[in-house]
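Trainee: I'd like to go over a predicted model; first the sequence, then the structure.
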Amino acid sequence: MISFFLRAKHWLVFILTSGIPMIVQMFIFIGMMGQMMGMFYAESEPDPDQFLKIYQFMKFFPLIILIGSAGFFLWMWSLGIGLQHKIPASVRLNTGWFKLAMILPIVYIFLLATFIMSIFRELNLGTQGELPFNPTYMMFIIPLHLLTMLCMFYAMYFSAKSLKTAELQKEAGISEFALEFVLIWFYIIGVWFIQPRVNAIMERSGESSTDIS
């Protein structure tokens, strides 16, 4: 999987990280808007079944989160781990904290998607004047969200540094890979600039043939 993402063309990486999630979101949004417009222009009172149909679209929201995250995480994991085999052993980066910084957001996103799904389920069941979730949950969600953001920034930092270090064949300073960090952060655009450079690193002659599959 790592080798696939490192050798894939920029357009394919874009489809996997951005294109497919956008298509899924578009279909769900169109379906929801169709149901809502039908309710808005209906001459009679809204049918409760129509609300249920809207819910049927809303329950796919966690799926959007998971699909939208999967491609980006796999691509960034490939940059941080796979490119180490293209870096001289003397300056190869320690991937321990990077792996932890990648795992925590994945766990958080999965838990968040499950939590949102449970809210939609309770709303669909129709609680009588009760909140669909306990506000005290926010005491846990907010710190986890902040920790996830910190992990994501570190993971992007590490991926950018790995890329630049692999290109320079020496440990890159933060000023040398600041642009790469921004491009990975805004990956919808950045992948068109980053991935050709990754392909060039993979095709460079005289490099280690270590298996990174």
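Mentor: That came in fine, so what should we check first?
Trainee: can you count the residues close to residue 19?
Mentor: A total of 15 residues lie near residue 19 under the criterion other CB atoms under 10 Å. Using the backbone N, CA and C atoms, a C-beta is placed for each residue, glycine as well.
Trainee: what do you get for residue 10?
Mentor: Residue 10 has 17 nearby residues by other CB under 10 Å.
Trainee: Likewise for residue 188?
Mentor: 12.
Trainee: Could I get the full set of helices for the chain?
Mentor: Counting by DSSP state H, the chain has helices at residues 2-7, 10-14, 20-40, 48-58, 61-77, 96-125, 138-168, 178-185, 187-203.
Trainee: Nearest to residue 88, out of these?
Mentor: helix 138-168 (9.0 Å; CB to CB).
Trainee: same for the closest one, what does it pack against?
Mentor: Under the contact definition 3 or more CB pairs under 8 Å, 6 or more residues apart in numbering; DSSP states H and E, helix 138-168 sits against helix 61-77, helix 96-125, helix 178-185, helix 187-203.
Trainee: Am I right that residue 106 is in contact with residue 72?
Mentor: No. Under the criterion of CB atoms under 8 Å, residue 106 is not in contact with residue 72, lying 10.9 Å apart.
Trainee: who's more crowded, the two?
Mentor: Set side by side, residue 106 and residue 72 show more neighbours around residue 72, with 19 against 16, by other CB under 10 Å.
Trainee: Where does pLDDT dip in the chain?
Mentor: By pLDDT under 70, the low-scoring segments of the chain are 28-29, 31-62, 120-135, 137, 205-213.
Trainee: wait, which of the helices and strands packed on helix 138-168 is closest to residue 162?
Mentor: That would be helix 96-125 among these, by CB to CB, at 8.4 Å.
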